[in-house]
Every structure is written in structure tokens, then in C-alpha cells.
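**Q** model this:
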Amino acid sequence: MTELKFTKMHGNGNDFIVVNEYDCPVPDAKKAAFARKYCPRRTGIGADGVIFFAKPMHAPLNMRIFNGDGSEAQMCGNGIRCRPR
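**A** As a prediction, the model looks like this:
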């Protein structure tokens, strides 16, 4: 199993698991399940959502945000202003 490194960050009262996919990509089909597994505060890392950063082919950065229930958010203002906790 590959080790997945993450950072826990917060932005304006919300906290997120931030995954940098530059070195270790997460398959798209597994991102929602990852959020459902690791966001619960009693049984997982505990967070409001997961932010995945990846380098796309024709842009400097790609960001996908998944809520704790596994649904994908179109945008999250508190997520984009995160800083390390």
C-alpha cells in the first residue's frame, strides 16, 4: 500500500484534510470514499472536507473539494483560504 501524505488545515472555522497529489495521485473513483472514511471526527482524522490538489496538463493547479459525506463541492471559500493548523 502506498503512503498518502496529507496536511490538516483550517480556514475561517472549517477544517480540511489537504492532499497534494503531485507525487501520489488518488484515483478519481476513490476520492469520495476517502472523504467519507477520514472526515468523521470520532472514527477518522476529523474534518469538514477533503481538498485534493493536482497538476493538470494545461493549468498551474487543479483543486477538487469533497464534503465529509462524499459529495463533491463546486467551490469552497473557506477551503481556498486554508492555512496549516
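**Q** send the alpha carbons of the longest helix belonging to the chain over as PDB?
**A** Assignment by DSSP state H gives helix 28-38 as the longest helix of the chain. This file holds the C-alpha atoms of helix 28-38, laid out as PDB (Å, rounded to 0.1, in the frame of the first residue of the first chain):
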ATOM      1  CA  ASP A  28     -10.900   9.900  -9.000                       C
ATOM      2  CA  ALA A  29     -13.100   6.900  -8.200                       C
ATOM      3  CA  LYS A  30     -11.700   6.700  -4.700                       C
ATOM      4  CA  LYS A  31     -11.900  10.400  -3.700                       C
ATOM      5  CA  ALA A  32     -15.500  10.400  -2.400                       C
ATOM      6  CA  ALA A  33     -14.900   7.200  -0.400                       C
ATOM      7  CA  PHE A  34     -11.700   8.700   1.100                       C
ATOM      8  CA  ALA A  35     -13.700  11.700   2.300                       C
ATOM      9  CA  ARG A  36     -16.400   9.500   3.900                       C
ATOM     10  CA  LYS A  37     -13.800   7.400   5.600                       C
ATOM     11  CA  TYR A  38     -11.500  10.000   7.000                       C
END
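**Q** Go through it and flag the buried ones.
**A** Using 16 or more other C-beta atoms under 10 Å as the test for burial, helix 28-38 gives 31-32, 34-36, 38. The way it works is simple: take the backbone N, C-alpha and C, and place the C-beta from them, glycine included.
**Q** Tell me the bridge partners for V19.
**A** V19 has these beta-bridge partners by DSSP bridges: F6, F52.
**Q** What is the burial count for it?
**A** Neighbourhood size, V19 [other C-beta atoms under 10 Å]: 21.
**Q** Kindly provide the distance from the residue sitting furthest away from the middle of the chain to E21.
**A** Distance from the C-alpha centroid of the chain, by C-alpha atoms, centre = their mean, peaks at H58 (21.4 Å). As judged by C-beta to C-beta, to the nearest Å, H58 and E21 stand 16 Å apart.
**Q** On the pLDDT front, check the residue farthest from the centre of the chain for me.
**A** Here, the pLDDT recorded for H58 equals 84.
**Q** can I assume it sits in a helix?
**A** No. H58 is assigned coil when assessed by DSSP: H, G, I helix; E, B strand; the rest coil, not a helix.
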